[in-house]
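J.: Have a look at this prediction, sequence included:
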Amino acid sequence: MDCKRIALVAHDARKRDLIAWIGANIAALDGHLFWATGTTGRLVREAHPSLDVTSLKSGPLGGDQQIGAMIAEGRIDLLVFFVDPMTAQPHDVDVKALTRLATLYNIPMACNEATADMVVSSPLFSDGYCPRPVDFAAHDSRSV
Ligand SMILES: O=C(CO)COP(=O)(O)O
């Protein structure tokens, strides 16, 4: 299996759920490389020390933007972002920017357990799946 570069993010009300999800899928996740927003990364490392997790800044302090930049640079293969749909976030614009970039760059993005389960259990997760690159010309309004 090839080594995937996986971004982990969870809003506060969903951090416990992300850690539980990782625990339930640790066999599939061990051996991959992880980047996470600050608090999420610290909690994941404490709960699952076998994982190689690099913590970036906390989400409200720019961590979502850092992960978005990594996606734009082609350095992330999968985003697992457990979103809290019930709480307004002070950095909502950053959250929106991150999910927009994952969509734009055609990165698999799991925002809840059901989707994350399907991603890691898919044969595409273990078979070196490489998403189709984005056709930027199609997104350039000047070319319409
Ligand atoms: O706010 C977040 C994502 O938008 C998560 O940030 P933390 O992992 O630093 O709590």
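T.: Arrived safely.

J.: C-alpha from now on. contacts and neighbour counts both.
T.: Will do.

J.: Going by neighbour count, list what's buried in the lengthiest helix in the chain.
T.: In terms of residue count, the longest helix belonging to the chain (DSSP state H) is helix 92-104. By 16 or more other Cα atoms under 10 Å, the buried positions in helix 92-104 come out as Asp94, Val95, Leu98, Thr99, Leu101, Ala102, Leu104.

J.: which one is Gly38 nearest to, not counting chain neighbours?
T.: Ser58 (4.0 Å; Cα to Cα, 6 or more residues apart in numbering).

J.: Run a quick check on the one you found versus Leu43, I expect a contact.
T.: No: using Cα atoms under 8 Å, Ser58 makes no contact with Leu43, being 11.9 Å away.

J.: in the protein, which ranges drop under the pLDDT threshold?
T.: Residues of the chain meeting the criterion pLDDT under 70: 1, 136-144.

J.: what ranges do the helices span in it?
T.: Using DSSP H, helices in the chain cover 15-24, 26-29, 38-47, 63-72, 92-104, 113-121, 123-126, 136-139.

J.: so what secondary structure elements neighbour the fourth one?
T.: It stands for helix 63-72. Secondary structure elements in contact with helix 63-72, counted by 3 or more Cα pairs under 8 Å, 6 or more residues apart in numbering; DSSP states H and E, are strand 33-36, helix 92-104.

J.: Looking at these, which is nearest to the ligand?
T.: helix 92-104 (5.2 Å; Cα to the nearest ligand atom).

J.: So which residues on the protein come close to the ligand?
T.: Proximity of the chain to the ligand (Cα under 6 Å from any ligand atom) is limited to residues 9-12, 37-40, 58-60, 64, 95.

J.: Please convert the buried members of these into ChimeraX selection syntax.
T.: Applying 16+ other Cα under 10 Å to the residues of the chain next to the ligand, the buried members can be selected in ChimeraX as follows:
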select :9,10,11,37,38,39,40,58,59,60,64,95
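
J.: Identify the residues contacting the residue nearest to Gly38.
T.: Thr37, Gly38, Thr39, Thr40, Asp64 (Cα atoms under 8 Å, 6 or more residues apart in numbering).

J.: Perfect, that will be all.
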